[in-house]
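Q: sequence plus predicted model, see below.
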Amino acid sequence: MPLIRYLQNLSTGRTILWCYFIWWVLSIIHHFDPTPRIWLTSLGLSGIIGAALILSTRPSSGTITKTDPWVLFRLFLMPFCVSSFAALVKDAGYLLVFPPSLKENAIGISLIAAFLLTVLSVKKLTPPAAAP
C-alpha cells in the first residue's frame with residue numbers, strides 16, 4: 001500500500017507541512033472567493049517567489065544540482081498558499097492565522113489531530129519500510 005508506506009516514512013518536517021496544508025485548505029473552504037484577480041495574483045507571486053527560492057537554494061559555487069521535483073513543487077506551492085490565504089482572510093477577523101470562529105478553529109484542530117493520530121498509528125503499528 002503506497003499510502004501506508006508514505007505515512008511510515010513521513011518525516012517530522014513533512015508532517016508539519018501537511019498540517020499547514022490542512023489548515024490552508026480549511027481556510028480556503030470557509031472563505032473561498034472565486035474572483036480571478038485573487039488567484040492570478042497568487043499564481044504570479046508564486047512564480048516570482050518560487051523562482052527566487054530556487055535561486056536562493058542553489059549552491060553559491062555555481063554548480064547545478066538536480067533538485068527533487070516535489071521540492072521544486074513545494075517551493076512554488078508555498079508562496080501560492082501564503083498569498084491566497086492572505087487575500088482570502090483579509091478583513092475576516094483572523095488573529096494571526098486563527099479565524100475568529102471557535103467552530104472553524106475546532107474543525108481545523110480536529111482535522112490536524114486526526115491526521116497526526118493516523119501518522120502516529122501507521123508508524124507504531126507497521127514495521128518501517130525498507131529503504132529503496
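A: Yep, that arrived.

Q: verify the stated contact: residue 41 with residue 87.
A: Yes. Between residue 41 and residue 87 there is a contact under Cβ atoms under 8 Å: 6.9 Å. Backbone N, C-alpha and C define where each C-beta goes, glycine included.

Q: find the nearest non-adjacent residue to the residue nearest to the spatial centre of the chain, please.
A: Central residue of the chain (Cα atoms, centre = their mean): residue 21, 3.4 Å from the mean position. Distance criterion Cβ to Cβ, 6 or more residues apart in numbering; nearest residue to residue 21, sequence neighbours excluded, is residue 81 at 7.3 Å.

Q: quick one: contacts of stretch 10-27?
A: 74, 81, 85, 88-89, 97, 99, 104, 107-108, 111-112, 115-116, 119, 123 (Cβ atoms under 8 Å, 6 or more residues apart in numbering).

Q: follow-up on the earlier one: elements contacting the helix or strand harbouring the residue nearest to residue 21?
A: Per DSSP states H and E: residue 81 is located in helix 69-89. Applying 3 or more Cβ pairs under 8 Å, 6 or more residues apart in numbering; DSSP states H and E, one finds that helix 69-89 makes contact with helix 12-31, helix 36-57.
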